[in-house]
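Student: Predicted model and sequence follow; I will ask about them next.
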Number of protein chains: 2
Amino acid sequence: MALTQARTMPGVLELLPLDQIAFQRMLDTIRRNYERFGFVPVETPVIEYSSVLLTKTGGETERQVYFVESTGALGKHAESVPELALRFDLTVPLARYVAEHERELSFPFRRYQMQRVYRGERAQRGRFREFYQCDIDVIGKDALSIRYDAELPAVIYSVFRELAIGPFTIQLNNRRLLRGYFESLGIADGEQQMLVLREVDKLDKRGAEYVRETLTGDAFGLSAEVADRILAFVQVRSTSLADALAKLDALGAGPEALEQGRDELKEVLRLIHDFGVPETHFALNFSIARGLDYYTGTVYETTLNEHPQIGSVCSGGRYENLAGQYTKSHLPGVGISIGLTRLYWQLREAGLIGTARSTVDVLVTQMDATKLPAYLALAGELRAAGIATEVVLEEGKLGKQFKYADRAGIRFAVVVGDDELAKHVVTVKDLRRGDQFEVPRAELVKTLRVEIEQAAVMG
Amino acid sequence: MALTQARTMPGVLELLPLDQIAFQRMLDTIRRNYERFGFVPVETPVIEYSSVLLTKTGGETERQVYFVESTGALGKHAESVPELALRFDLTVPLARYVAEHERELSFPFRRYQMQRVYRGERAQRGRFREFYQCDIDVIGKDALSIRYDAELPAVIYSVFRELAIGPFTIQLNNRRLLRGYFESLGIADGEQQMLVLREVDKLDKRGAEYVRETLTGDAFGLSAEVADRILAFVQVRSTSLADALAKLDALGAGPEALEQGRDELKEVLRLIHDFGVPETHFALNFSIARGLDYYTGTVYETTLNEHPQIGSVCSGGRYENLAGQYTKSHLPGVGISIGLTRLYWQLREAGLIGTARSTVDVLVTQMDATKLPAYLALAGELRAAGIATEVVLEEGKLGKQFKYADRAGIRFAVVVGDDELAKHVVTVKDLRRGDQFEVPRAELVKTLRVEIEQAAVMG
């Protein structure tokens, strides 16, 4: 039979087991923190109706959609778009979910969702066509207090502290303040503001010179002074809560939007502090604009202090109305998203995370096939004590079994031969340290528990 | 703006949060047990190359495949099949994974995988187009001891005992024994055996009369005596380990395949017992044949004793060669699968599982907005102690806040007003029991921990 090549399409991240374990631990950490802050889980189908997914955006997103057709429907859609598609984010499905189940939900609705999304990206290193998003959102019915805008940074802080991937800063801005500031510079037209914001958004990627030239060029026709003021403005960063408040005050009086945005930012910054987030971990950053049509107030980005090249690892903001395309209800919300596949990949590229230990704590080796019932009983005891245990069922040399354990990332191997049985002991081999010791049979569970806990702490 | 109807396609199971929590707890239980037995996680992409997915089977599966096309590729495949498709099970991706990563894996390779799969089923109540499969498989390189066939029932036992959905029986048979038995009845041709097996497989659905008529009809032309022997044979069930062994012996001497199958079954049954599975929870069942082309030795089905109409809730078996279509390596294996979406749905239909408590343990209410910093500090303490805590950030009447908690399935509400602050206490309201009590502020964490643990045990 001719062989088919075993391969996956470009743009997917398929992991070997020890890497999958490392990835799974990150997912678990995120989920644990989301739940700790009182968010409840939601999962939605990967496949949605195209008409539901594609009402809102158009443009780039629509060009990247994966459409789905069952065998029977193949080719039947002719010129039109297929009926089904894969979700490209978790926000549109959330909007659909909340609109569909509105009467059965309690508001404020606080959900987390950690699932994969799909985008037909051009194949390129570090670009993923399938990736995990880990989102939380708080959705209000009719209204939602600005205070929730301060809760999300507290969750981000909790998540990234526990992920232990180095120091990070949650950077905040406010879209209203941005717009008000531009108004004060004479850029009053909403459309024009949007275009300026879009240029300002390129600051990190293209640099100040490029942005200044564009702003003073034909397309915008701003004066050099206004362009310079914009460039100075977007380079503002705060160094403490007091500094942030002072920098907000230093903007001086301005149009209503600026005043509103400033009031919101001040309240949010103060509350973030009340939530227990240290001043070292959040800052004002006037350059942050985020997605342009969607967010209306607070916007967030989170960066790793020692790895700025990674860019934002957790972004989000406040939006005015989640599901206007599906329901007449007014549903304001605030949300953040961690793109975990990309984050994991970048951390691994940067050497910040390695391969995990196995989820398997102990390998019970097979010295003598006739003693299998004793090995199985031993393994049963360990499992009952919550110790993940594999038993070697295949006959083979002990050395080969140790080698298997070592390769599979299993740290402890347990050996029971005639000697051990006669003395009522068990030999435990620590494959990481490369040594071994004897334990009385009755104390094995207790001893291994201590060893495993120590190994987890010491790495 | 015209509204788009918020809806999902038929055949997907989208859950409200409290149901999602119940579902998630089942997933967690399964995963915990899979890990406890030393299986390591793997996830594969939802999208695979059609050429990879569709090499093996054809027939019904191929008619149910969902094909995937990015916007740019739409309509370009003309007559041929689109390049990409959604996986319809986890076994074909496992075969592809093992073949692709063979050199980097340790054998026996013991993986678990819990992901969604897609089938373009006809829309019908209880039929799902998207559903979770929770699989474990042990894959050997060149060979795999029959002992692993006994380990999987031990895992099944552990999973279903902990899922606590009532008494269950793991039923076993052996495809070799089946074929040998048919040979002994003069049905020696492999093709013919397959067809008889396929008829026997219909016994549960169509009944004995239908199967007898088919077997003695023109298509098979078996004698009434042979048909009766087959029907008697497939109704054999054991009541204990000794009974199972006796029933195997009672088959008498037979062709080589029967002897081989019997030896295997005997060893597997004895070992299952050594693995600590009680005799009440596994039995011989000669009617089980499972998928017809795939399994070669041991086959399993698991049924809930009190809900036979649900059918098998966990099935699987031994196969000779996992990935013959992708690699020349010989990779025998044994595996089982739990179709969790269908199982969850059926249990809920049967009234066997209800809505879960929320993952949120405590709601910190807001009596007085000026005391928000104190509420946030309190919540921070609870979270640090591992207690999932939501804080009311929106102002509103206390009664409305309790109502929100109750509706959201949050059992405990914490109230701190002037009285409480003056007395250094906190009022805890138990919304399930409908009573409340005061706790010294310093003892809140300890008290709530005890209450939450009790609530978890008592339900």
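Tutor: Great, that's in hand. Residues are numbered from 1 along each chain as shown, chains lettered A, B, ... in the order given.
Student: domain assignment for chain A?
Tutor: Domain assignment for chain A by automatic domain parsing gives A:14-155+A:322-356, A:167-305, A:362-458.
Student: any idea of the mean pLDDT in the longest one?
Tutor: So the one you mean is domain A:14-155+A:322-356. When pLDDT is averaged along domain A:14-155+A:322-356, the result is 92.
Student: quick one: terminal-to-terminal distance for it?
Tutor: 15 Å (CA to CA, to the nearest Å).
Student: cool, and the last one?
Tutor: The distance separating the two terminal residues of domain A:362-458, taken as CA to CA, comes to 17 Å.
Student: How far off centre is it?
Tutor: 37 Å (CA atoms, centre = their mean, to the nearest Å).
Student: can the domains of chain A go into a markdown table with extra columns for mean neighbour count?
Tutor: In this view, the C-beta of every residue, glycine as well, is placed from N, C-alpha and C. Listed next are the domains of chain A as a markdown table, based on neighbours: other CB atoms under 10 Å in any protein chain shown:
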| stretch | mean neighbour count |
| --- | --- |
| domain A:14-155+A:322-356 | 20 |
| domain A:167-305 | 18 |
| domain A:362-458 | 17 |
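Student: Output these as CSV; include the columns distance to B:Val334.
Tutor: Output for the domains of chain A, formatted as CSV (distance: least, CB to CB, whole Å):
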stretch, distance to B:Val334
domain A:14-155+A:322-356, 18
domain A:167-305, 44
domain A:362-458, 11
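Student: TSV for the ones you listed, including distance to chain B?
Tutor: Putting the domains of chain A into TSV (distance: least, CB to the nearest CB, whole Å) gives the following:
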stretch	distance to chain B
domain A:14-155+A:322-356	3
domain A:167-305	4
domain A:362-458	3
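Student: Could you point out which of those sits nearest B:Ala377?
Tutor: domain A:167-305 (7.2 Å; CB to CB).
Student: re earlier: tell me which of the domains of chain A lies nearest to B:Ala422.
Tutor: domain A:167-305 (21.6 Å).
Student: pLDDT on the closest one, on average?
Tutor: Mean predicted confidence for domain A:167-305 is 92.
Student: Endpoints of that domain, how far apart?
Tutor: End-to-end distance (CA to CA), domain A:167-305: 6 Å.
Student: Over to stretch A:391-407?
Tutor: OK, stretch A:391-407 end separation, CA to CA: 16 Å.
Student: quick one: average confidence on that stretch?
Tutor: 95.
Student: neighbouring contacts of it?
Tutor: A:363-367, A:369, A:372, A:375-376, A:379, A:411, A:413, A:415, A:429, A:431, B:38, B:106, B:108, B:140, B:143-145, B:147-148, B:151 (CB atoms under 8 Å, 6 or more residues apart in numbering or on different chains).
Student: if you look at the residues you listed, which of them are in strands?
Tutor: Per DSSP state E, strands hold the following members of those: A:363-364, A:413, A:415, A:429.
Student: Throw those residues into a markdown table and include pLDDT, thanks.
Tutor: Shown next, in a markdown table, are the ones in strands among the contacts of stretch A:391-407 (pLDDT from 0 to 100):
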| residue | pLDDT |
| --- | --- |
| A:Leu363 | 97 |
| A:Val364 | 97 |
| A:Ala413 | 97 |
| A:Val415 | 97 |
| A:Lys429 | 96 |
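Student: Closest one of these to B:Gly252?
Tutor: Nearest to B:Gly252 among the ones in strands among the contacts of stretch A:391-407, with distances taken as CB to CB, is A:Val364, at 38.5 Å.
Student: Go ahead and confirm that closest one touches A:Ala379.
Tutor: Yes. Counting by CB atoms under 8 Å, A:Val364 does reach A:Ala379; the two are 5.0 Å apart.
Student: Could you tell me which residues touch both of those two?
Tutor: In contact with both A:Val364 and A:Ala379: A:389-391, using CB under 8 Å, 6+ apart.
Student: what would those look like in JSON lines with distance to A:Leu231 and secondary structure?
Tutor: Shown next, in JSON lines, are these (distance: CB to CB, whole Å; DSSP: H, G, I helix; E, B strand; the rest coil):
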{"residue": "A:Thr389", "distance to A:Leu231": "62", "secondary structure": "strand"}
{"residue": "A:Glu390", "distance to A:Leu231": "60", "secondary structure": "strand"}
{"residue": "A:Val391", "distance to A:Leu231": "66", "secondary structure": "strand"}
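Student: Just give me the closest of those residues to B:Asp19.
Tutor: A:Thr389 (33.2 Å).
Student: what ranges do the strands span in the stretch 151-300 of chain A?
Tutor: Remark: strands assigned in the stretch 151-300 of chain A by DSSP state E, counting those that start in this stretch are A:168-174, A:282-284, A:295-304.
Student: Show me what the longest one is packed against.
Tutor: Under the contact definition 3 or more CB pairs under 8 Å, 6 or more residues apart in numbering or on different chains; DSSP states H and E, strand A:295-304 sits against helix A:148-163, strand A:168-174, helix A:175-184, helix A:256-274, strand A:314-319, strand A:333-339.
Student: quick one: A:Ile353 and A:Leu163 touch, right?
Tutor: No. Proximity of A:Ile353 to A:Leu163 does not meet the contact threshold set by CB under 8 Å, at 9.2 Å.
Student: Show me what A:Lys429 is bridged to.
Tutor: Beta-bridge partners of A:Lys429, counted by DSSP bridges, are A:Ala413, A:Gln436.
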